[in-house]
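>>> Structural data only, the sequence is not supplied:
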């Protein structure tokens, strides 16, 4: 099969067909469905269960901190899998099925005292995000590294994953408010929605498991898969001496702050600035247009500009269109229009951050002679988890400072300013920092030469 597929433009053997990309992408579909639900939990807890916004923000932040540390533990577990055994694929079943079950339990918050509810929030969020999500996310992210050596195919994997992930994320963002409102708008309605989402999560992980392959074909892949494990403390020290990995750590952190805010802010903006939370459905539907355009154009952009320049362009668009919203933050059409550009700006970032991480892992091999795949993904995931936790918690903290009351008839001026802060001002700053970081990332152009050097070293060692 490998011979039929030919080589990419850099002379690297292709190993994947369309069905492989599709099956692989369903893992991201499931993961983004899970993270999309996490993004909606702040609104669910404050407006459907009645928990104080500040308390919700604090609980979610604590969960994300624990979650970040479990990433490190999981990376160490995967990297120390005994040689000869699959490292990554089995976790799609071991953690994927429990993840679907926990999806439902997230919404079954019991009636009773606020202390009991907060304890339930803490336990279910820890099991859902810090255990199940982490145990499947780290191995799934690592599959890209061992599936193919072709940067072109990794880029396509990233695009397919981002597309599938965006579809599930949009289903959550667009459908959850209108559907739960149709079902009565109560906690019971949200539980029913969670049950459907949980079933889809399990199905997607099962298909991904069935269609995945653990390693690249050939002896080299087997040897790389059986790379001697590096003690985690030593691996962490090495990673922090890889400047490209550190840059990606920071970019992933910032990107996930942005994702966390975007995932949870829309319902508040629609409800209190536009006056109707059902507008979330229209906002999401309109957002599909730039999304489709983004996924159509990201491939040609990568081919023409390369990975890094594509990100620079998208971050610049994100900065400009977000700042422009300040002109009239109350106008629905104007803000949805500017939001379309911001949505477009997010697509390359969704597609290519994993590709940048793969580049930094290849640089590990050049610098240290070892890729440290799962440890690299896990430590990078640490920053991502903290970032997404901060992103979601920023909303709760801003609302808490504004003395937010979910039962108020009309939003106070303080509440409006809090919503503007986490919907416009903070995202603009995030895009600006990402743009600056992308300007400093020069590994893409260096990678072909570094790979030649790696191959030369391996040849000398075998001789």
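That came through, no problem. Quick caveat, the model's predicted, so the values are computed rather than measured.
>>> mind showing which ranges of the stretch 151-300 of the chain have poor pLDDT?
Residue ranges of the stretch 151-300 of the chain with pLDDT under 70: 215-229.
>>> And the strands in it?
Assigned by DSSP state E, counting those that start in this stretch, the strands in the stretch 151-300 of the chain number zero.
>>> Scan this structure for its longest helix.
Counting by DSSP state H, the longest helix found in the chain is helix 332-368.
>>> what about that helix, distance to the chain center?
Offset of helix 332-368 from its chain centre (C-alpha atoms, centre = their mean, to the nearest Å): 10 Å.
>>> Stretch 26-35 now?
9 Å.
>>> returning to what we had before: rounded mean pLDDT for the helix or strand that the longest helix of the chain is followed by, please.
Using DSSP states H and E, the next helix or strand after helix 332-368 towards the C-terminus is helix 373-401. When pLDDT is averaged along helix 373-401, the result is 77.
>>> can you give me the angle the longest helix of the chain makes with helix 373-401?
Taking axes from the mean of the first three to the mean of the last three C-alpha atoms, to 10 degrees, one finds helix 332-368 and helix 373-401 inclined to each other by 150 degrees.
>>> Show me what counts as buried in helix 332-368.
Going by neighbour count (16 or more other C-beta atoms under 10 Å), the buried part of helix 332-368 is 332, 335-336, 338-368. Where C-beta positions appear, they are placed from N, C-alpha and C, glycine not excepted.
>>> which residues does residue 281 contact?
Residue 281 makes contacts with 174, 175, 177, 178, as judged by C-beta atoms under 8 Å, 6 or more residues apart in numbering.
>>> quick one: it and residue 376, what's the gap?
39 Å (C-beta to C-beta, to the nearest Å).
>>> what's the answer for residue 124, then?
Noted for residue 124: a distance of 30 Å to residue 376, by C-beta to C-beta.
>>> quick one, which of these two is more surrounded?
A direct count of neighbours by other C-beta atoms under 10 Å for residue 124 and residue 376 places residue 376 higher, at 29 against 18.
>>> Report the contact partners of that one.
75, 235, 239, 245, 357, 360, 361, 364.
>>> Grab the nearest non-local neighbour of the second one.
Counting by C-beta to C-beta, 6 or more residues apart in numbering, residue 375 is the residue found nearest to residue 235 once chain neighbours are left out, at 4.2 Å.
>>> Please report the number of neighbouring residues for the one you found.
Residues near residue 375, counting by other C-beta under 10 Å, number 30.
>>> which ones are touching it?
Contact analysis of residue 375 by C-beta under 8 Å, 6+ apart lists 75, 76, 79, 230, 232, 235, 236, 239.
>>> just curious, which of those is nearest to residue 101?
If you rank the contacts of residue 375 by distance to residue 101 using C-beta to C-beta, residue 75 comes first, at 24.2 Å.
>>> looking at it, the closest one is touching residue 239, isn't it?
No: the pair residue 75 / residue 239 is not scored as a contact, 10.3 Å apart, by C-beta atoms under 8 Å.
>>> Who has more neighbours out of the two?
residue 75 (29 against 22).
>>> circling back: just among the contacts of residue 281, which is most surrounded?
residue 177 (24 neighbours).
>>> surely that residue meets residue 278?
Yes: in this structure, residue 177 is within contact of residue 278 by C-beta under 8 Å, at 6.4 Å.
>>> tell me, what's touching those two both at once?
Common contacts of residue 177 and residue 278 (C-beta under 8 Å, 6+ apart): residue 270.
>>> which residues does the residue nearest to residue 168 when sequence neighbours are not counted contact?
Nearest-residue entry for residue 168: residue 33, 4.1 Å, with adjacent residues in sequence omitted and distances by C-beta to C-beta, 6+ apart. Residue 33 makes contact with 103, 168, 169, 171, 172, 197, 200, 201, 204 under the criterion C-beta under 8 Å, 6+ apart.
>>> Try it again at 7 Å.
Contacts for residue 33 were tallied using C-beta atoms under 7 Å, 6 or more residues apart in numbering; they are 168, 172, 197, 200, 201.
>>> what's the nearest residue to the last one if we skip its chain neighbours?
Nearest residue to residue 201, sequence neighbours excluded (C-beta to C-beta, 6+ apart): residue 100, at 4.2 Å.
>>> what's the helix or strand for the one you found?
Per DSSP H and E: helix 96-105 holds residue 100.
>>> Enumerate the positions of that helix that are buried.
So, applying 16+ other C-beta under 10 Å, buried residues of helix 96-105: 96, 97, 98, 99, 100, 102, 103, 104, 105.
>>> Any chance of TSV for these, columns distance to residue 249 and pLDDT?
As requested, those are exported to TSV (distance: C-beta to C-beta, whole Å; pLDDT from 0 to 100):
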residue	distance to residue 249	pLDDT
96	26	93
97	31	94
98	28	94
99	25	94
100	30	94
102	28	95
103	28	94
104	33	93
105	32	95
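>>> which one of these sits closest to residue 426?
Of all the buried residues of helix 96-105, residue 103 has the smallest distance to residue 426: 28.3 Å, by C-beta to C-beta.
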